[in-house]
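A.B. asks: only the shape, not the letters, is given here:
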C-alpha cells in the first residue's frame, strides 16, 4: 500500500552560508542516479533525523505536544 504524498509548504529559515552552500553542493552532486536527491529532500531528512533524536533525548521518544499558536520570529523563548 503506497502512501499519498503530502503537500509541501514554504518555510523561511536562516542558515549560515557555510551550511547552506554545503547542502546545495551535496544536492547538486547527488541529484542524478542513484540518489536523485533534492535540497528539499535533504532538509526534510535532516529535520526528521533531528526530531527523532530530540524526542528520544527530551520526550521519552514520544511526539512533542501540539503547539497552541504559530511560532513568532525573534529571540528564542527563555525557559
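C.D. replies: Received the coordinates, thanks. These numbers were taken from a predicted model, which means no experiment stands behind them.
A.B. asks: centre-most residue in this structure?
C.D. replies: residue 47 (2.8 Å; Cα atoms, centre = their mean).
A.B. asks: quick one: low-confidence ranges for the protein?
C.D. replies: 1, 76-79 (pLDDT under 70).
A.B. asks: redo that, cut-off 90
C.D. replies: 1-6, 70-79 (pLDDT under 90).
A.B. asks: related to what we said a few turns ago, any idea which helix or strand carries the residue nearest to the centre of the chain?
C.D. replies: If you go by DSSP states H and E, residue 47 is part of helix 39-58.
A.B. asks: sort out which residues of that helix are buried, please.
C.D. replies: residue 42 (16 or more other Cβ atoms under 10 Å). Using the backbone N, CA and C atoms, a C-beta is placed for each residue, glycine as well.
A.B. asks: touching it from outside, list them.
C.D. replies: Contact partners of helix 39-58, identified using Cβ atoms under 8 Å, 6 or more residues apart in numbering, comprise 8, 23, 24, 26, 27, 61, 62, 63, 64.
A.B. asks: which ones are touching the fourth one?
C.D. replies: Think residue 26. 37, 42.
A.B. asks: any idea how far residue 54 is from it?
C.D. replies: 23 Å (Cβ to Cβ, to the nearest Å).
A.B. asks: again, but for the third one
C.D. replies: Separation of residue 24 from residue 54 (Cβ to Cβ) stands at 25 Å.
A.B. asks: could you pull out the helices for this protein?
C.D. replies: 17-29, 39-58 (DSSP state H).
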